[in-house]
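**Q** pasting the structure only:
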């Protein structure tokens, strides 16, 4: 007895039905593949509109990325007129729901995906707590910074520079072509260098090395030399001429120099740490010499004149040098003579004996000028005068009368009494002469005031100052005959 088949099984066994299903599946697959760049159908999306100054070769279907990850596509591009008359581009974005909501402080920029001109829209996600609702418009201010295209970068070079870059690339290619085994050998030989390079890089990366300030200094140096760029360009032209001249002596001279350089560098590595202290001290010396160098620059002409005058003197110095040995030998014999040594010893004793009195005598001359005044007055007393005779002469003086006067024996210094008002003793046997132990700002001898009607024994009251010019010298005043 035959079993009866169901209509559904009979239909799937029909070749026509199977062919129709295959065609339908193929059409559906082609449709999905064609629309894959615009997102799969029936999948929810987060749609926004972004304004950019220029679409910059962006086309519908280009990717939208956040952090390098594809999060959507550009559905359409529409030009938009701004209020100031310029035009911008408006991009309709179809994004994944995972992006929603996009923070309001996010920014967009169009970037190159390849050197062939393929573009994509990059979104830099912000940190704001507020986000764009679906259908919102990202303003033109969110499109920053302005992208730089590869062709714009290449257009910065003028035609000669572009041609030279092309020649450089060609020559670099020629230098590497056919030298693969040699390059591989060189890379293998460089293996021992890597541990040393690691230590060098570690030292360079150390903050104490100051590599950061070094690049700042390079930036400042580049800014300083920018005004002389034309001069530097000419310098490179001249260097080309110089290097072409070096090509003639490349072998064996330069080759030997290069081969001996490692030994030289090793010697420098061993020596430089030892002379570091010397270099530090040399730097300090040059810093200390800077003020003197600046002063010498002002006197350069005078120094040059002195050097020119000194040339004949230096030419005559050989004759003086010939006479110096016998002179030095004579001085040596003179020094070894016993009588000379004894005389020098006695001079030393004399100097030591004169030391204490000179401490008292020297201020009398250096401060009060007494010695000069004494010799001057002594000389003038004998050769100057008038019709009555020279200043140096004698005369009788009437002594004062009264008790203890100078004209008769006395039992005490005169201190008035009697009928003569001059009967007062004035005497200063040890006046102040700015000597040690005395007032250093008083030259009292010869400057004492005469106090009428008073007895004055010793230093006069007050400071008489150090003015001694036109004074007679030492005086002793007592009574009226002083």
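**A** Cool, got the structure. Small disclaimer: the values here were computed from a predicted structure and weren't measured.
**Q** How far away from the center of its chain is stretch 320-329?
**A** 51 Å (CA atoms, centre = their mean, to the nearest Å).
**Q** Show me where this protein dips below the pLDDT cut-off.
**A** For the chain, the stretches flagged by pLDDT under 70 are 1-18, 28-43, 115-117, 145-154, 381-397, 419, 469-482.
**Q** Check which residues of the top strand by length along it are buried.
**A** Counting residues, the longest strand in the chain under DSSP state E turns out to be strand 69-81. By 16 or more other CB atoms under 10 Å, the buried positions in strand 69-81 come out as 71, 72, 73, 74, 75. Heads up, the C-betas are built off the backbone N, CA and C, glycines and all.
**Q** Nearest to residue 165 among these?
**A** Residue 165 has its nearest neighbour among those in residue 74, at 34.2 Å by CB to CB.
**Q** so how many other residues sit close to the closest residue to the closest one other than its chain neighbours?
**A** Leaving aside its chain neighbours, residue 74 sits nearest to residue 62 (4.8 Å; criterion: CB to CB, 6 or more residues apart in numbering). When neighbours are counted by other CB atoms under 10 Å, residue 62 registers 20.
**Q** Kindly report the same for the one 3 residues further on.
**A** Using other CB under 10 Å, the number of residues around residue 65 comes to 16.
**Q** which element follows the helix or strand encompassing residue 23 toward the C-terminus?
**A** Applying DSSP states H and E as the criterion places residue 23 in helix 15-34. Sequence order places strand 46-52 as the next helix or strand after helix 15-34, per DSSP H and E.
**Q** list the helices and strands the helix or strand just after that next one packs on?
**A** Later in the chain than strand 46-52, the nearest helix or strand by DSSP H and E is strand 63-66. Packing partners of strand 63-66 (3 or more CB pairs under 8 Å, 6 or more residues apart in numbering; DSSP states H and E): strand 69-81, strand 119-124.
**Q** What pairs with strand 63-66, parallel or antiparallel?
**A** strand 69-81 (antiparallel), strand 119-124 (parallel) (DSSP bridges).
**Q** Let me have those strands in a markdown table, extended by distance to residue 50.
**A** Listed next are the strands paired with strand 63-66 as a markdown table, based on distance: least, CB to CB, whole Å:
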| stretch | distance to residue 50 |
| --- | --- |
| strand 69-81 | 9 |
| strand 119-124 | 7 |
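**Q** For residue 273, give me its contacts.
**A** Contacts for residue 273 were tallied using CB atoms under 8 Å, 6 or more residues apart in numbering; there are none.
**Q** sorry, back to before: and the buried residues of strand 69-81, which is closest to residue 434?
**A** Among the buried residues of strand 69-81, and counting by CB to CB, the member closest to residue 434 is residue 71, at 102.0 Å.
**Q** From residue 437, how far off is the closest one?
**A** 103 Å (CB to CB, to the nearest Å).
**Q** any idea which helix or strand comes after the top helix by length along the chain?
**A** In the chain, with assignment by DSSP state H, the single longest helix is helix 300-336. Going down the chain from helix 300-336, the next helix or strand is helix 338-366, by DSSP H and E.
**Q** and the helix or strand following that following helix, what does it pack onto?
**A** Later in the chain than helix 338-366, the nearest helix or strand by DSSP H and E is helix 370-383. If you count contacts as 3+ CB pairs under 8 Å, 6+ apart, helix 370-383 packs onto helix 338-366, strand 389-390.
**Q** okay if I get the ones you listed as a markdown table plus distance to residue 296?
**A** Rendered in a markdown table, the data for those read as follows (distance: least, CB to CB, whole Å):
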| stretch | distance to residue 296 |
| --- | --- |
| helix 338-366 | 37 |
| strand 389-390 | 61 |
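**Q** Which one, of those, ends up nearest to residue 288?
**A** Using CB to CB, these put helix 338-366 closest to residue 288, at 37.5 Å.
**Q** Stretch 125-135 spans what distance, first to last residue?
**A** Length of stretch 125-135, first residue to last, CA to CA, to the nearest Å: 17 Å.
**Q** on that earlier part again, nearest to residue 57 among the helices and strands packed on strand 63-66 would be which one?
**A** strand 119-124 (5.5 Å).
**Q** what angle do that closest one and strand 46-52 make?
**A** Taking axes from the mean of the first three to the mean of the last three CA atoms, to 10 degrees, one finds that strand 119-124 is oriented at 100 degrees with respect to strand 46-52.
**Q** Neighbouring strands of the helix or strand just after strand 119-124 in the sheet, and parallel or not?
**A** Sequence-wise, the next helix or strand downstream of strand 119-124 (DSSP H and E) is strand 131-132. Sheet pairing of strand 131-132 (DSSP bridges) gives strand 102-103 (antiparallel).
**Q** And the next helix or strand past the strand it pairs with?
**A** strand 107-112.
**Q** So which bits of that following strand are buried?
**A** So for strand 107-112, counting by 16+ other CB under 10 Å, buried means 107, 108, 109, 110, 112.
**Q** which residues pair with the first one across the strands?
**A** So that's residue 107. With DSSP bridges as the rule, residue 107 is bridged to residue 124.
**Q** for the last one, same thing?
**A** Partner residues in beta bridges with residue 112, using DSSP bridges, are residue 119.
**Q** So it is in contact with residue 122, correct?
**A** No: Residue 112 is beyond contact range of residue 122, at 10.4 Å (criterion: CB atoms under 8 Å).
**Q** what about residue 402, neighbour count?
**A** Here the count is done by other CB under 10 Å, and residue 402 has 22 residues near it.
**Q** got the contact list for it?
**A** 414, 416, 417, 418, 419, 420, 423.
**Q** Measure how buried the last one is and give me the count.
**A** Other residues within reach of residue 423, judged by other CB under 10 Å, total 24.
**Q** In contact with it, which residues?
**A** Contacts of residue 423 by CB under 8 Å, 6+ apart are 400, 401, 402, 403, 404, 405, 414, 416, 417, 479, 480.
**Q** at 10 Å what do you get?
**A** Going by CB atoms under 10 Å, 6 or more residues apart in numbering, residue 423 touches 399-407, 414-417, 453, 455, 479-480.
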